[in-house]
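**Student:** Structure for the following, please:
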Amino acid sequence: MNHHDRVRELQLYMEKEPENPFNIYALALEYQNQDKEKASFYFNKLLREHKSYLPSYYHAARLFSDLGMLEKAESTYLEGIELAKNQSNAQALKELQNAYLNFQFEND
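**Tutor:** Okay, the predicted model is just below:
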C-alpha cells in the first residue's frame, strides 16, 4: 500500500470515527515524512481537540522542532511531560523527558 492509499484509508477512518484520536494521530504520522505542514495541521488538531491523548506529544514536539517552531516544540514537550505525570505513565514520561533534554541541548 502506498502513501496515498494509506492517507485515503486513514481519512475514511477519521470520517467514520471523528471522535477517535488514534485516527488523527495515524494520519499525522503518515504525513510526517511526506508533508510536514499537513502533519503539523493534524498534530495541532490532536493537541487542541484531544489534549489527553498522550502519544501525540512526543511526535508533535519533534515535528514542531524540525519546522523551526522552537517555542511551540518546547511548550508541547512540557505539556506532554505534565500530562504523563498526571496519567502516571512512567514510560512516556521518561521518553518525553529524554527527548526534551535532547531538544534543549540541540537548541542552546
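
**Student:** For this structure, name the helix or strand with the lowest mean pLDDT.
**Tutor:** Lowest mean confidence among the helices and strands of the chain (mean pLDDT, DSSP states H and E): helix 3-16, at a mean of 90.

**Student:** May I have that helix exported as PDB, CA atoms only?
**Tutor:** What follows is helix 3-16, C-alpha atoms only, in PDB (Å, rounded to 0.1, in the frame of the first residue of the first chain):
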ATOM      1  CA  HIS A   3       1.300   6.700   0.900                       C
ATOM      2  CA  HIS A   4      -1.700   8.000  -1.000                       C
ATOM      3  CA  ASP A   5      -3.700   4.800  -0.400                       C
ATOM      4  CA  ARG A   6      -2.800   4.900   3.300                       C
ATOM      5  CA  VAL A   7      -3.900   8.500   3.600                       C
ATOM      6  CA  ARG A   8      -7.200   7.800   1.800                       C
ATOM      7  CA  GLU A   9      -7.900   4.900   4.100                       C
ATOM      8  CA  LEU A  10      -6.900   6.900   7.300                       C
ATOM      9  CA  GLN A  11      -9.200   9.700   6.200                       C
ATOM     10  CA  LEU A  12     -12.100   7.300   5.800                       C
ATOM     11  CA  TYR A  13     -11.400   6.000   9.300                       C
ATOM     12  CA  MET A  14     -11.400   9.600  10.600                       C
ATOM     13  CA  GLU A  15     -14.700  10.300   8.900                       C
ATOM     14  CA  LYS A  16     -16.300   7.200  10.400                       C
END
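
**Student:** which of the residues in it are buried?
**Tutor:** By neighbour count with 16 or more other CB atoms under 10 Å, helix 3-16 contains the buried residues 7, 10, 14. Where you see a C-beta, it was placed from the backbone N, CA and C, and this is true even at glycine.

**Student:** Centre of the chain to the following helix or strand past it, how far?
**Tutor:** Scanning forward in sequence from helix 3-16 by DSSP states H and E, the next helix or strand is helix 21-32. In terms of CA atoms, centre = their mean, to the nearest Å, the centre of helix 21-32 is set 8 Å apart from its chain centre.

**Student:** helices and strands around helix 21-32, which ones?
**Tutor:** The contact analysis (3 or more CB pairs under 8 Å, 6 or more residues apart in numbering; DSSP states H and E) places helix 21-32 against helix 3-16, helix 36-49, helix 55-66.
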